[in-house]
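Asker: Give me a 3D structure for the following:
(chains A and B)
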There are 2 protein chains.
Amino acid sequence: MTGLGKTAPAADQSPFLAVLDGEVRSAPPPLWMMRQAGRYLPEYREVRAKAGDFLTLCYTPELAAEVTLQPIRRFAFDAAIIFSDILVVPHALGVGLRFETGEGPRLDPVTDAAGVAALPDTLDAARTAPVYEALARTKAALPRATALIGFCGAPWTVATYMVAGRGTDDQAPARLLALRDPDLFQALIDHLVEVSITHLLGQIDAGADAVQIFDTWAGVLDPLSFERWCLDPLARIAAGIWAKKPDARIIAFPKGASAEALARIAALGVNAVGLDWTADRQSLRKLGEKTALQGNLDPLRLIAGGPQLDEEILRIRSDLDGVRHIFNLGHGIKPETPIAHVERLVERVRAPL
Amino acid sequence: MTGLGKTAPAADQSPFLAVLDGEVRSAPPPLWMMRQAGRYLPEYREVRAKAGDFLTLCYTPELAAEVTLQPIRRFAFDAAIIFSDILVVPHALGVGLRFETGEGPRLDPVTDAAGVAALPDTLDAARTAPVYEALARTKAALPRATALIGFCGAPWTVATYMVAGRGTDDQAPARLLALRDPDLFQALIDHLVEVSITHLLGQIDAGADAVQIFDTWAGVLDPLSFERWCLDPLARIAAGIWAKKPDARIIAFPKGASAEALARIAALGVNAVGLDWTADRQSLRKLGEKTALQGNLDPLRLIAGGPQLDEEILRIRSDLDGVRHIFNLGHGIKPETPIAHVERLVERVRAPL
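Answerer: Sure, this is the predicted structure:
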């Protein structure tokens, strides 16, 4: 449990990494679930209660590692994703952050030139070191064939929270700032690009076998704004990572992105693109020649269970059979999901087609 | 002021209707704005204050007609859309409805078989007659070349409110009911299809030159669910209208729909499809051979004004120059929009390219 020592298990037999590296493994596809370390698990709720609050859990390496490992023990997923939050990055830039029960995150909003200028160039190690230590602890404890994923929020998505100071329905505060003062918004995005590179490299150094960049609000932008605020920053983050780590594996998840947008992201050379549940898989199959496709079960089907779950699992597997596919949800698992339905998912994804 | 008498002005010189009927008129394109009768106008706020509450305004024909006409007087838009609400249909089915200030609509939720079975087969004329009278009054007062649009919410979108009892972030209650009990949800949708046909025919009889079907939440469904809950109901509504009125003009606005979904809707033979601001106009140009394209300025650009507004107006006009295009927003105008920016929009849309 001491990080990346020589005894850390190699992950080179991981089917998840094999698909990221270019192989087709669809019988069965590798499987993990976004937000798999989460409130649907009683063992998670127990640790969360012990930690007291969400941020304490994020910043306590032994607890973060423990909840990261819980779904692996229970379901033997092919990848673990470190328990953390996309708002760790603004928090490590000195932005005030708190999670109010039932209310979601609250940040001290960054809305003007003074606020952007005040952001430090480097991330506060008091915030990032616990994430890296949690990764190292997790890595040491994972089975050999189970990969470890680090992550960050994409600059656009992180900026939507920083500008609004909270989650919003339509990301209007950030969209409006980007329209009213594109130079200021560009400065904020540029800042987030740089620190995101640092944070992802830090996670890779700590043991992450792949990193995922979550652009949860990529779908609310017009095509030119998408290019400027999502695609270009992603390209720069990927280039910044590959400049230091040419073999680093990158998964981009631009939720709500159009087929055209997904194709442009794939053309960056990322190892996988995430698909949300609205994606038209059959028309996206050809993308699977350029990049792995990760997704895309509707999390509500996992709550519903029954034939609507079984049939969709089969359709997803059939639609992406023979292309590079990592089975996942189309968005994070919801707290009210019955564990029996997750068990059913695991069984059906791993059953012969 | 007595409805569709022989003295009602013909709308056959309307550029808006010409585009719906198949012509290309892009120099300049016809122009109207979704939610153009709304809170950004001081004269609207005055009438709204007089009415006391939103539903009273909807159901008082002289007031509804007055606010419908206000933006025409001020901006000479090419079409007026009757002031009403998509929740008039469930209200006319006896579903309890109230608008709480700052909170949005609240409905008595319909979530089980008894609730669906209790819905009457016909709409309460006490709710629909004022809408039709408002249309007739508006029609009589409109300039000859200004078209009049009636509307309803698409069954899927109306069902999301009926099931949840309110607007939600992610339409999870309706999506979950549709997955857990598709037969029950189908019964609800089927009911809404029938009464929507009735309500749209009633609006056409009252003087609407075209009807628009708003499917605000079409974008949250996976492709198969979209087909079942959006496309098929829309096809049945269109067929039901055309069975009685073969020349009726129908605009479908499936907000958030993918390019594939838009193409399938166009293939139904509707006169126009609405595009939200995320649509990739250049790749959709070819759709303009089958149907008119209506949209798609981001309402936030109209708040922001300045070069971000001017440039996007020019791009929209250029991208859709030479195809059937009706200039509109990509979603309803927001209350905080400066009137000077709307004046700028009108000027720039009508200026030579």
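
Asker: rest of the way, CA atoms for contacts and neighbours
Answerer: OK.

Asker: Just give the closest residue to A:Ile72, not the sequence neighbours.
Answerer: Counting by C-alpha to C-alpha, 6 or more residues apart in numbering or on different chains, A:Ala80 is the residue found nearest to A:Ile72 once chain neighbours are left out, at 6.7 Å.

Asker: The one you found in helix, strand or coil?
Answerer: Three-state call for A:Ala80 (DSSP: H, G, I helix; E, B strand; the rest coil): strand.

Asker: who does it bridge with?
Answerer: Following DSSP bridges, A:Ala80 is listed with bridge partners A:Leu148.

Asker: And the strands in the stretch 251-353 of chain A?
Answerer: A:272-274, A:292-297, A:325-329 (DSSP state E, counting those that start in this stretch).

Asker: of the ones you listed, which approaches chain B most closely?
Answerer: strand A:292-297 (9.3 Å; C-alpha to the nearest C-alpha).

Asker: what's the angle from the closest one to strand A:325-329?
Answerer: Computed by axes from the mean of the first three to the mean of the last three C-alpha atoms, to 10 degrees, the angle separating strand A:292-297 from strand A:325-329 equals 30 degrees.

Asker: Mind listing residues that contact stretch A:159-170?
Answerer: A:90, A:104-111, A:171, A:173-175, A:188-189, A:220, B:169 (C-alpha atoms under 8 Å, 6 or more residues apart in numbering or on different chains).

Asker: ok, 7 Å please
Answerer: A:Pro105, A:Arg106, A:Leu107, A:Asp108, A:Pro109, A:Val110, A:Thr111, A:Gln171, A:Pro173, A:Ala174, B:Asp169 (C-alpha atoms under 7 Å, 6 or more residues apart in numbering or on different chains).

Asker: Would you mind listing what in chain A touches chain B?
Answerer: By C-alpha under 7 Å from any C-alpha of the partner chain, the residues of chain A that approach chain B are A:169, A:176, A:179-180, A:220-223, A:258, A:277-280, A:300-301, A:304, A:308.

Asker: What about those residues, which are in helices?
Answerer: Those of these mapping onto helices are A:Leu176, A:Leu179, A:Arg180, A:Pro223, A:Leu300, A:Arg301, A:Ala304, A:Gln308, per DSSP state H.

Asker: In JSON lines: those residues, plus neighbour count and distance to A:Val342.
Answerer: Supplementary listing: these in JSON lines, determined by neighbours: other C-alpha atoms under 10 Å in any protein chain shown; distance: C-alpha to C-alpha, whole Å:
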{"residue": "A:Leu176", "neighbour count": "19", "distance to A:Val342": "40"}
{"residue": "A:Leu179", "neighbour count": "22", "distance to A:Val342": "42"}
{"residue": "A:Arg180", "neighbour count": "20", "distance to A:Val342": "45"}
{"residue": "A:Pro223", "neighbour count": "21", "distance to A:Val342": "36"}
{"residue": "A:Leu300", "neighbour count": "25", "distance to A:Val342": "12"}
{"residue": "A:Arg301", "neighbour count": "24", "distance to A:Val342": "11"}
{"residue": "A:Ala304", "neighbour count": "20", "distance to A:Val342": "11"}
{"residue": "A:Gln308", "neighbour count": "17", "distance to A:Val342": "14"}
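
Asker: Please enumerate the helices of the stretch 51-200 of chain A.
Answerer: For the stretch 51-200 of chain A, the helices defined by DSSP state H, counting those that start in this stretch cover A:54-58, A:61-75, A:88-92, A:113-117, A:125-141, A:155-164, A:172-180, A:182-205.

Asker: Figure out how far the longest one is from the centre of its chain.
Answerer: This points to helix A:182-205. The chain centroid and the centroid of helix A:182-205 are separated by 16 Å under C-alpha atoms, centre = their mean, to the nearest Å.

Asker: neighbouring contacts of that helix?
Answerer: A:113, A:116, A:122-123, A:132, A:150-152, A:155-156, A:177-178, A:211, A:233, A:237, A:240-241.

Asker: So which of the contacts of stretch A:159-170 is the closest to B:Tyr44?
Answerer: A:Pro173 (25.4 Å; C-alpha to C-alpha).

Asker: give the contact list for the closest one.
Answerer: A:Val163, A:Ala164.

Asker: repeat that with 8 Å
Answerer: Contacts of A:Pro173 by C-alpha under 8 Å, 6+ apart are A:Thr160, A:Val163, A:Ala164.

Asker: Let's see if you can find the most crowded of these.
Answerer: Comparing these by number of neighbours (other C-alpha atoms under 10 Å in any protein chain shown), A:Val163 comes first, having 25 neighbours.

Asker: how far away is that residue from A:Asp85?
Answerer: 17 Å (C-alpha to C-alpha, to the nearest Å).

Asker: Once you drop chain neighbours, what's closest to the residue of the stretch 101-250 of chain A found nearest chain B?
Answerer: Residue nearest to chain B within the stretch 101-250 of chain A: A:Asp222 (4.0 Å; C-alpha to the nearest C-alpha). If the residues on either side of it in the chain are set aside, A:Asp222 comes closest to B:Thr278, at 4.0 Å by C-alpha to C-alpha, 6+ apart.

Asker: Would you check that the one you found makes contact with A:Ser225?
Answerer: No: the criterion here is C-alpha atoms under 8 Å, and B:Thr278 misses it with A:Ser225 at 9.2 Å.

Asker: so where's chain A shaky on pLDDT?
Answerer: A:1-12 (pLDDT under 70).

Asker: right, and A:Gly256 touches A:Gly219 too?
Answerer: Yes: between A:Gly256 and A:Gly219 there is a contact at 4.1 Å, judged by C-alpha under 8 Å.

Asker: Of the two, which one has the most company?
Answerer: Using other C-alpha under 10 Å, the more surrounded residue of A:Gly256 and A:Gly219 is A:Gly256, with 25 against 18.

Asker: got a list of what the more buried one touches?
Answerer: A:Gly256 neighbours (C-alpha under 8 Å, 6+ apart): A:Thr216, A:Trp217, A:Ala218, A:Gly219, A:Val220, A:Asp276, A:Thr278.

Asker: Select from these the one having the most neighbours.
Answerer: Neighbour-wise, those (other C-alpha under 10 Å) top out at A:Asp276, 27 neighbours.

Asker: If we ignore the residues flanking it in sequence, what's nearest that residue?
Answerer: A:Gly330 (3.7 Å).

Asker: Spit out the contact partners of A:Ala154.
Answerer: So A:Ala154 contacts A:Ser196, A:Ile213, A:Phe214, A:Asp215, A:Thr216, A:Cys230, A:Pro233, A:Leu234 (C-alpha under 8 Å, 6+ apart).

Asker: Now that we have the residues you listed, can you turn them into JSON lines and tack on distance to B:Glu289 and secondary structure?
Answerer: Listed next are these as JSON lines, based on distance: C-alpha to C-alpha, whole Å; DSSP: H, G, I helix; E, B strand; the rest coil:
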{"residue": "A:Ser196", "distance to B:Glu289": "44", "secondary structure": "helix"}
{"residue": "A:Ile213", "distance to B:Glu289": "39", "secondary structure": "strand"}
{"residue": "A:Phe214", "distance to B:Glu289": "37", "secondary structure": "strand"}
{"residue": "A:Asp215", "distance to B:Glu289": "34", "secondary structure": "strand"}
{"residue": "A:Thr216", "distance to B:Glu289": "34", "secondary structure": "coil"}
{"residue": "A:Cys230", "distance to B:Glu289": "31", "secondary structure": "helix"}
{"residue": "A:Pro233", "distance to B:Glu289": "36", "secondary structure": "helix"}
{"residue": "A:Leu234", "distance to B:Glu289": "35", "secondary structure": "helix"}
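
Asker: now those residues as CSV including distance to A:Gly202?
Answerer: Formatted as CSV, the contacts of A:Ala154 follow (distance: C-alpha to C-alpha, whole Å):
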residue, distance to A:Gly202
A:Ser196, 10
A:Ile213, 14
A:Phe214, 17
A:Asp215, 20
A:Thr216, 22
A:Cys230, 22
A:Pro233, 18
A:Leu234, 17
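
Asker: quick check, nearest of those residues to B:Asp319?
Answerer: Among those, and counting by C-alpha to C-alpha, the member closest to B:Asp319 is A:Cys230, at 22.1 Å.

Asker: Excluding residues flanking it in the chain, which one is nearest that closest one?
Answerer: A:Trp156 (6.0 Å).
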